[in-house]
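*Asks:* with the sequence up front, the predicted model follows.
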Amino acid sequence: MLADARRMDALPFPRSADSLRQPARHWLEVFTRWGFVANAVVYFIVGTLALRWALGAGGELTDPEGAFRTLGRTPFGRPGIIALIPGFFSYAIWRVVAAVFDGDRDGRTWAGWFGRAFGILKGVLYAALGMTAVRLAFGTGGGGSNWTAGVLRGGSGRAIMFVVAGGLLAFACFEIYRALQAQLSRGLHLAIDDARVRRWVIGISRFGIGARGLVIGAFAGLLFKAAAAGRSQIPAAQQAIRMLGGVHPVLYIIAAVGIIAYGIYLVVLARYRRIEAG
């Protein structure tokens, strides 16, 4: 396990004195770390609801929008959602800017360009998540789903679904590989002196990454199936967990606990991840 722990750490990239003098960079880092926490909150809610559902203790299988609605029903619901919004958008901005200026030192190899392109895609997806939070917090209209459905009903809609499904399947395989090979984020430096705590953090993170990979892979399968059947509607995210449970009931629990574990990994990233835009 100690060997695994060493593999999990990328060497920290020391921040330059120039970056420390830039207030804009400082605040981008602060809000980006809050973005990791905001994402973790969504994972905690989705995973907890799914686990309660799997154990027959109430709960439901839901997606991030459902997590926002669940949060909105609590006494601090609307203020809680509003507090998360800056995190989603700052995280999205950081992903895009870091991809453009190679903040994660991916380089200009094919793998590097792929990683940077995926970073931009993640930025767009989290900006959309932020817009969903804005819509639910302030009651603004949102036509994102209608726009997506319109695109998919077009002549190239089926091809787009196949391409997206293929990309998601490749990403799912990569996430499972990362979990098996004990590879966390390249920009993560776990400054934890207690070896036992360190092993637990690494183990939980690996489990969360692998379980999320399974869920993403299941969703890719659903998307392939929908594209092959000529349907233009994107499957609901929670159907991926239902699909896994159809293979074996224990996968319901593995997926739910894994989603919670990935939320813990996001908190670890919020604390120890290197945040640079370039």
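*Replies:* Right, received. Where do you want to start?
*Asks:* Ile253 contacts Leu55, doesn't it?
*Replies:* Yes - between Ile253 and Leu55 there is a contact at 7.5 Å, judged by Cβ atoms under 8 Å. Any C-beta I mention is one placed from the backbone N, CA and C, and that applies to glycine too.
*Asks:* can you mark which positions in the helix or strand harbouring Ala83 are buried?
*Replies:* Secondary structure assignment for Ala83, by DSSP states H and E: helix 77-100. Within helix 77-100, the residues that count as buried by 16 or more other Cβ atoms under 10 Å are 77, 81, 83-99.
*Asks:* what about that helix, average pLDDT?
*Replies:* Helix 77-100 carries an average pLDDT of 91.
*Asks:* can you check stretch 59-66 too?
*Replies:* Stretch 59-66 shows a mean pLDDT of 90.
*Asks:* next one: stretch 182-198
*Replies:* Here the average pLDDT along stretch 182-198 is 79.
*Asks:* OK, contacts around Ala54?
*Replies:* Gly245, Pro249, Tyr252, Ile253, Ala256 (Cβ atoms under 8 Å, 6 or more residues apart in numbering).
*Asks:* repeat the analysis, applying 7 Å as the threshold.
*Replies:* Each residue near Ala54 by Cβ atoms under 7 Å, 6 or more residues apart in numbering is listed here: Tyr252, Ile253, Ala256.
*Asks:* got it, and Leu244?
*Replies:* So Leu244 contacts Leu214, Val215, Ala218, Leu251, Tyr252, Ala255 (Cβ under 7 Å, 6+ apart).
*Asks:* I'd like the distance between it and Ile253.
*Replies:* 10 Å (Cβ to Cβ, to the nearest Å).
*Asks:* helix or strand right after the one helix or strand Val46 maps to?
*Replies:* For Val46, the host element (DSSP H and E) is helix 23-54. Next helix or strand after helix 23-54 toward the C-terminus (DSSP H and E): helix 64-72.
*Asks:* CA-only coordinates of that following helix in PDB, if you can.
*Replies:* The C-alpha trace of helix 64-72 is given here as PDB (Å, rounded to 0.1, in the frame of the first residue of the first chain):
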ATOM      1  CA  PRO A  64     -27.600  16.400 -10.200                       C
ATOM      2  CA  GLU A  65     -30.800  18.300 -10.800                       C
ATOM      3  CA  GLY A  66     -32.600  16.000  -8.500                       C
ATOM      4  CA  ALA A  67     -29.900  16.600  -5.900                       C
ATOM      5  CA  PHE A  68     -30.600  20.400  -6.200                       C
ATOM      6  CA  ARG A  69     -34.300  19.800  -5.800                       C
ATOM      7  CA  THR A  70     -33.600  17.700  -2.700                       C
ATOM      8  CA  LEU A  71     -31.400  20.300  -1.200                       C
ATOM      9  CA  GLY A  72     -34.100  22.900  -2.000                       C
END
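*Asks:* alright, calling it a day.
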